[in-house]
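Participant: fold the following, please.
(one chain, ligands or ions: 2)
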Amino acid sequence: SQIKQVEFIKSSSKAKDCPKDDLPEFAMLGRSNVGKSSLINSLVRKKEVALTSKKPGKTQLINHFLVNKSWYIVDLPGYGFANAPEAARMDWSSFTKGYFLNRETLVSVLLLVDASIPPRKIDLDCANWLGRNNIPMTFVFTKCDKSKASKGKRPDENIKDFQELIRKNYREPPPWIMTSSVTGLGRDELLLHMSQLRNF
Ligand code: GTP
Ligand code: MG
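Facilitator: Ligands and ions are numbered 1, 2, ... in the order given. All right, here's what the predicted structure looks like:
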């Protein structure tokens, strides 16, 4: 399940323009600053892989990276930018929703959730929208190495709180994996999980 090779293929502005070779893909989704670029680097074990310089920000592009010439990691625009005007958030949602609803080769969304902070409504809203639309998802909790802030809770406590909120909306809650790009926690587990989902 290890990553031997990664190559940037293209940026697309809609699902219709995405690669048409029918290879399975995983979409990385999460708030800006959740640790998406860091996790990708940790997965591919490279510090300066092309992925990091392809930070989508507000450019609203779907970036396809071909892994081992056989499956894709898709980097999506982050949501919930601090200070983003409501209009920009709406743009994000119409654009990204189109991708999720139309991309038949999507194996699973990896929804990144920052475990170092309490549950955020925007992450829960995103998870619930994916659930309502039957889009397969895996929760990937990031920054699990972070120790407790002076007033806050520990990552494992934040994760528990998040899952309790999720359970209210699911008969069968999605799988979840705890990760840290600093310690490498969850790296192999996530690679194996993706390998099992795509069947090779
Ligand atoms: P945008 O590209 O701005 O949307 O952010 P991003 O989601 O790609 O986050 P990025 O990987 O740039 O990480 C944001 C910050 O969190 C950086 O300061 C990282 O060093 C830090 N960070 C990311 N992952 C971890 C982690 O696992 N543990 C800790 N302690 N910090 C992390
Ligand atoms: Mg980034």
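
Participant: give me the number of residues near the closest residue to ligand 2 within the chain?
Facilitator: Closest residue of the chain to ligand 2, CB to the ion: S37 (3.2 Å). In short, each C-beta sits where N, CA and C put it, glycine included. S37 has 20 neighbours, counted by other CB atoms under 10 Å.

Participant: and what of I166?
Facilitator: The tally of other residues near I166 (other CB under 10 Å) stands at 20.

Participant: quick one, what contacts it?
Facilitator: L124, A127, F139, P173, P174 (CB atoms under 8 Å, 6 or more residues apart in numbering).

Participant: does I177 sit in a helix, a strand or a coil?
Facilitator: Following DSSP: H, G, I helix; E, B strand; the rest coil, the label given to I177 is strand.

Participant: tell me where the model's unsure across this protein.
Facilitator: Low-confidence segments of the chain (pLDDT under 70): 46-60, 81-93, 149-150.

Participant: follow-up on the earlier one: list the ones among the contacts of I166 that fall in helices.
Facilitator: Among the contacts of I166, the members falling in helices (DSSP state H) are L124, A127.

Participant: from the contacts of I166, list the buried ones, please.
Facilitator: L124, A127, F139, P174 (16 or more other CB atoms under 10 Å).

Participant: for the last one, which non-adjacent residue is closest in space?
Facilitator: Translated: P174. Sequence neighbours aside, M137 is the residue nearest to P174 in space, at 4.7 Å (criterion: CB to CB, 6 or more residues apart in numbering).

Participant: partner residues bridging that neighbour?
Facilitator: V109 (DSSP bridges).
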